[in-house]
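>>> Would you be able to build a 3D model of this:
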Amino acid sequence: YFLQAIPKGILTILDANDIVSERNESFFNYNYPPLESNISKDDEFKLFNLYNRIIFVCKEDYEIAAKRLPKEKLIYAPHAVEIMRHRVRKRAKTIGFIASCYLPNVDAIIWFLKFLWPKLEKQNIKLNIYGDIGKIIPSYLLDGPNLNEINLKGPKRKLDRVYDQVDIIVNPVRIGSGLKIKNVEAMANGISLITTSHGARGLEEGIDNSFYVADTISAFVEKLQFLIDNFEERKRLSCNSLNWMTSCFNEDKCFRDIKSLLKAK
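You can find the predicted model right below:
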């Protein structure tokens with residue numbers, strides 16, 4: 001409705017972040033209701049078409065949009081990161097999960113604690129959970145038979161200190177849409193990452209080179225155990241992810257098209 005008040009000749013740009021209809025579809029697949037209006041894909045793209053330009057941060061979303069809208073309306077501008085190098089310790093002692101209380105994060109950590117964490121019993125490893133999400137994790141998942149330690153760290157003002165404390169980041173996200181910022185930030189800090197195929201949306205070129213993907217309980221546990229035991233592999237992932245983030249997710253490259261558009265106006 002606000003678009004009707006904008007004078008003609010003014011450039012209108014929508015920062016889409018993600019595609020809501022895609023997100024809702026993934027929620028339905030896991031029997032969750034949509035978090036916002038259950039808009040159809042057709043109606044959502046009609047709204048997109050009202051703008052002069054639409055910005056997407058996820059490559060896959062950009063490619064979905066390119067099948068329905070003229071490419072000249074679309075801008076791919078992924079999340080730019082600050083590179084922070086951290087020491088890769090010989091012995092992996094701490095797994096990290098960083099999240100808000102957003103539904104896909106809640107689903108991810110409950111799945112992890114319920115089905116994956118017990119498989120790592122007696123590994124002398126601890127799990128640090130950062131962010132508000134710690135407040136809503138069911139207590140029975142924190143007090144189970146697993147002998148490994150779970151620490152609810154709460155929100156932290158400086159993420160670089162968080163990455164100093166962890167050796168491996170997990171993001172077992174199964175639902176949602178868009179680019180998973182926590183995955184990009186973990187790699188920009190050179191921390192070994194294991195996520196899911198859904199978590200790797202728009203980042204597929206880095207699979208097995210800069211991070212690992214696992215979708216089943218057994219595969220996730222196997223890859224996590226491998227990283228816990230393998231210092232050289234954690235070093236390899238750290239080096240590769242830092243190089244990838246430096247070359248492809250720097251500010252100049254991510255915002256190049258936006259800057260060019262605004263300069264032209």
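>>> Going by residue numbers, what spans are strands in this structure?
For the chain, the strands defined by DSSP state E occupy 13-17, 53-56, 74-76, 94-98, 126-130, 149-154, 168-171, 192-195, 212-213.
>>> Save the ones you listed as a markdown table, and put in mean pLDDT too.
Output for the strands of the chain, formatted as a markdown table (pLDDT from 0 to 100):
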| stretch | mean pLDDT |
| --- | --- |
| strand 13-17 | 94 |
| strand 53-56 | 97 |
| strand 74-76 | 97 |
| strand 94-98 | 97 |
| strand 126-130 | 96 |
| strand 149-154 | 93 |
| strand 168-171 | 98 |
| strand 192-195 | 98 |
| strand 212-213 | 98 |
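>>> wait, which of those strands is closest to I64?
Nearest to I64, of all the strands of the chain, is strand 53-56, at 8.7 Å by CB to CB. (C-beta placed from N, C-alpha, C; glycine too.)
>>> Relative to V170, how far out is the nearest residue to G206 once chain neighbours are set aside?
Closest residue in space to G206, ignoring its immediate chain neighbours: W244 at 5.7 Å, by CB to CB, 6 or more residues apart in numbering. Using CB to CB, to the nearest Å, W244 is found at 19 Å from V170.
>>> the more surrounded of the two?
V170 (29 against 19; other CB atoms under 10 Å).
>>> give me the number of residues near R161?
9.
>>> now E36
Around E36 there are 8 residues (other CB under 10 Å).
>>> Can you name the residues that contact it?
Contacts for E36 (CB atoms under 8 Å, 6 or more residues apart in numbering) come out as V20.
>>> What's the separation between it and E185?
Applying CB to CB to E36 and E185 gives a distance of 25 Å.
>>> Same check on L142?
Distance from L142 to E185, by CB to CB: 25 Å.
>>> Looking at these two, which has the bigger crowd around it?
E185 (23 against 16).
>>> could you check the distance from the closest residue in space to the more buried one that isn't next to it in sequence over to R256?
Nearest residue to E185, sequence neighbours excluded (CB to CB, 6+ apart): V81, at 6.1 Å. If you measure V81 against R256 using CB to CB, the figure is 15 Å.
>>> neighbour count winner among those two?
Of the pair V81 and R256, V81 is the one with more neighbours under other CB under 10 Å, namely 20 against 13.
>>> How about the contacts made by the more buried one?
V81 touches 184-185, 187-188, 245, 249-250, counting by CB under 8 Å, 6+ apart.
>>> I'd like the list of the residues you listed that fall within helices, please.
Assigned to helices by DSSP state H, the following of those qualify: 184-185, 187-188, 245.
>>> For this protein, which residue occupies the most central location?
K180 (1.9 Å; CA atoms, centre = their mean).
>>> ok, and the closest non-adjacent residue to that residue?
Nearest to K180 is G199, by CB to CB, 6+ apart, at 4.9 Å.
>>> my guess is K114 meets L141, correct?
Yes - the pair K114 / L141 is scored as a contact, 6.2 Å apart, by CB atoms under 8 Å.
>>> Give me the distance between F2 and A65.
The value you get for F2 to A65, if CB to CB is used, is 21 Å.
>>> neighbour count winner among these two?
More crowded of F2 and A65, by other CB under 10 Å: A65, with 21 against 6.
>>> quick one: contacts for the more buried one?
19, 45, 48, 54, 56, 74 are the contacts of A65 under CB under 8 Å, 6+ apart.
>>> can you rerun that using 6 Å?
L74 (CB atoms under 6 Å, 6 or more residues apart in numbering).
>>> List every C-alpha atom in stretch 55-73, with coordinates, as CSV.
C-alpha atoms of stretch 55-73 as CSV (Å, rounded to 0.1, in the frame of the first residue of the first chain):
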residue,chain,number,x,y,z
ILE,A,55,17.4,-8.0,-3.5
PHE,A,56,18.0,-11.6,-2.5
VAL,A,57,20.8,-12.7,-0.2
CYS,A,58,20.5,-16.4,-1.1
LYS,A,59,21.7,-17.6,-4.5
GLU,A,60,19.0,-20.3,-4.7
ASP,A,61,16.2,-17.8,-4.0
TYR,A,62,17.7,-15.5,-6.7
GLU,A,63,17.6,-18.4,-9.2
ILE,A,64,14.0,-19.3,-8.2
ALA,A,65,13.0,-15.7,-8.8
ALA,A,66,14.8,-15.5,-12.1
LYS,A,67,12.4,-18.2,-13.5
ARG,A,68,9.4,-15.9,-12.8
LEU,A,69,10.7,-12.3,-13.1
PRO,A,70,12.9,-10.4,-15.5
LYS,A,71,16.5,-10.8,-14.5
GLU,A,72,17.1,-7.0,-14.8
LYS,A,73,14.8,-6.6,-11.8
